[in-house]
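Peer 1: Predicted model, plus sequence, below.
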Amino acid sequence: MFRSPDGTTNYVNLIKNLQPGVTEVFVHLAHDDVESQAIMVGHPEWGAAWRQREFDAVSSAEFRKALEENHVVLIGWRNIQKLIGGPVVPAKTSPNR
């Protein structure tokens, strides 16, 4: 979505310009490590470095502050299913819990 080196500013501006209602913001998070680089080989414009920048942007204090200041409530797919009246699939529990 945002390919500028300053992805944090882009995502903060996105949050500041949201309209009331439900908005989906889809990000591709990954660490820029050997594993991600191997998986995304051949995709330098959307590869591991870009995904690391997205991770850094949405993990930043500036982004969290923008969410708070603009009264954005993060929800998950289960909440969206309820909003659209779809079936709610029970959460799977890990045997380690």
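Peer 2: On my side now, so go ahead.
Peer 1: Now for E54, how many residues are close by?
Peer 2: 19 (other C-beta atoms under 10 Å). (Glycine included, C-beta is placed from N, CA and C.)
Peer 1: Quick check: the gap between it and Q19.
Peer 2: 22 Å (C-beta to C-beta, to the nearest Å).
Peer 1: same check, this time on V73
Peer 2: 14 Å.
Peer 1: Likewise for H43?
Peer 2: Distance, H43 to Q19, by C-beta to C-beta: 32 Å.
Peer 1: More neighbours: which of the two?
Peer 2: H43 (11 against 5).
Peer 1: all helices for the chain, in order.
Peer 2: 7-16, 34-39, 48-58, 61-69, 77-84 (DSSP state H).
Peer 1: Next, the contact list for the residue nearest to L67 when sequence neighbours are not counted, please.
Peer 2: Closest residue to L67 apart from its sequence neighbours, by C-beta to C-beta, 6 or more residues apart in numbering: I15 at 6.0 Å. I15 makes contact with 63, 66-67, 70, 72 under the criterion C-beta atoms under 8 Å, 6 or more residues apart in numbering.
Peer 1: Narrow the residues you listed to those that are buried.
Peer 2: 63, 66-67 (16 or more other C-beta atoms under 10 Å).
Peer 1: Could you single out the nearest of those to T23?
Peer 2: Proximity to T23 was ranked across these by C-beta to C-beta; first place goes to L67, at 12.0 Å.
Peer 1: per-residue confidence for that closest one?
Peer 2: The model reports L67 with a pLDDT of 96.
Peer 1: With the one 5 residues further on instead?
Peer 2: You'll see V72 listed with a pLDDT of 94.
Peer 1: didn't it look like it was pressed against N17?
Peer 2: No - taking contacts as C-beta atoms under 8 Å, V72 lies outside contact range of N17: 11.4 Å.
Peer 1: what's around A57, how many residues?
Peer 2: 21.
Peer 1: can you tell me how far it sits from I80?
Peer 2: Counting by C-beta to C-beta - A57 and I80 are separated by 22 Å.
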